[in-house]
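**Q** sequence first, then the predicted structure, then my questions.
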Amino acid sequence: MSRVRTVLAMRTREGCEERFEAAWLTVAEEIRSLDGCLHQDLVRDADDPRSYLVISDWADRERLDAFGRSAHRDRLLTIIRELRESAQRHTYQVLHSVAGEPGEGR
């Protein structure tokens, strides 16, 4: 079993950016305690404040799929559906990771 990363590219409806960010943070705080959830990021496009990536790392595909069947995911989707204009999700198998040098660029 190997680590997987999901990337959800999403564009919010106009004027929904702050609501989406706050809602994502609330749900992410709950998801972080789920078995297999390793890391979550919400990032916003520097040139388009309505475009986001939701990036999450999971210990393996099985635990990600369990999350996919959970009430947490249903709750997150309910929030996203009402605030989004579009969304597209992909799942990737993480093959290698290389950390930056300690102290560099910090």
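**A** Yep, it's here.

**Q** export the lowest-mean-pLDDT helix or strand in the chain to CSV, keeping only CA atoms.
**A** The weakest-scoring helix or strand in the chain, judged by mean pLDDT, DSSP states H and E, is helix 71-83 (a mean of 81). What follows is helix 71-83, C-alpha atoms only, in CSV (Å, rounded to 0.1, in the frame of the first residue of the first chain):
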residue,chain,number,x,y,z
ALA,A,71,-20.6,11.4,6.4
HIS,A,72,-17.6,13.8,6.5
ARG,A,73,-17.3,13.7,2.8
ASP,A,74,-21.0,14.1,2.3
ARG,A,75,-21.0,17.1,4.6
LEU,A,76,-18.0,18.6,2.6
LEU,A,77,-19.7,18.0,-0.7
THR,A,78,-22.9,19.6,0.5
ILE,A,79,-20.9,22.8,1.4
ILE,A,80,-18.9,22.7,-1.9
ARG,A,81,-21.9,22.1,-4.1
GLU,A,82,-23.7,25.3,-3.0
LEU,A,83,-20.6,27.5,-3.2
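
**Q** next helix or strand past that helix?
**A** strand 84-93 (DSSP states H and E).

**Q** chain center to that following strand, what's the gap?
**A** 9 Å (C-alpha atoms, centre = their mean, to the nearest Å).

**Q** then stretch 82-92?
**A** 10 Å.

**Q** what sits up against it?
**A** Applying C-beta atoms under 8 Å, 6 or more residues apart in numbering, the contact partners of stretch 82-92 are 4-13, 16, 19-20, 23, 50, 61, 64, 80. Using the backbone N, CA and C atoms, a C-beta is placed for each residue, glycine as well.

**Q** mind checking the longest helix of the chain?
**A** helix 17-31 (DSSP state H).

**Q** need the contact list for the residue most central in space within the chain.
**A** In the chain, the centroid-proximal residue (C-alpha atoms, centre = their mean) is residue 54; its distance is 3.0 Å. Applying C-beta under 8 Å, 6+ apart to residue 54 gives the contacts 6-8, 10, 24, 40-42.
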